[in-house]
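A.B. asks: what's the 3D shape of this:
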Amino acid sequence: MNIAMLLTAALIVVLLWLSLVPIYRAAVKGRRTRAKILFQLCGFFGILMLAWVTPLGDIIARAASGEVAPQMDGLAQGLGFLSAGLSMGMASLGAGIAVGGAAPAAVGAFSENPKAFGKALVFVVLGEGVALFGFLVSTQILGKL
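C.D. replies: Numbers count the residues shown, from 1 in each chain. Modelled structure (predicted):
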């Protein structure tokens, strides 16, 4: 592995974490975070495009040379494991935040009106669905490695 590959992987990880800094600062100061979230989404999808386009040139070059099945090098496999871990970890974190807000409200609604149990349970289950989606994505990523 050469130094350029290592720096590219480090740059992707740093850019992913750097996109969270403006949202954290705005939340700490109590400001609105709509523009900050838009900035984060643009940065995230830009990094995804960078990660998609970078190996695309290598795949095209290998296909043009006649190699049938390109072999995965160490960096690509490492980034695959990193992406699987990030997808599972971030989805679980999001589900925890969603359930942490929805479950106490559901318990409060249920204690006031026992007929509201089904309606309140739906919101808790929707938060857990995020974790299941992250699990499915990480499983698919690991299946490709």
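
A.B. asks: now for whatever helix or strand residue 99 lives in, which elements pack on it?
C.D. replies: According to DSSP states H and E, residue 99 maps onto helix 74-112. Counting contacts by 3 or more C-beta pairs under 8 Å, 6 or more residues apart in numbering; DSSP states H and E, helix 74-112 packs against helix 3-18, helix 34-64, helix 117-144. (Glycine included, C-beta is placed from N, CA and C.)

A.B. asks: per-domain residue ranges of this structure.
C.D. replies: Here the domain parsing of the chain from automatic domain parsing is 1-71, 72-145.

A.B. asks: ok, back up a step: and the helix holding residue 99, what's buried?
C.D. replies: Neighbour-count burial for helix 74-112 flags 75-76, 78-79, 83-84, 86-88, 91, 95, 98-99, 102, 106, 109-110 (criterion: 16 or more other C-beta atoms under 10 Å).

A.B. asks: tell me, what's the model's pLDDT at the spatially most central residue of the chain?
C.D. replies: The residue lying closest to the centre of the chain (C-alpha atoms, centre = their mean) is residue 87, at 4.2 Å. Note for residue 87: predicted pLDDT of 88.
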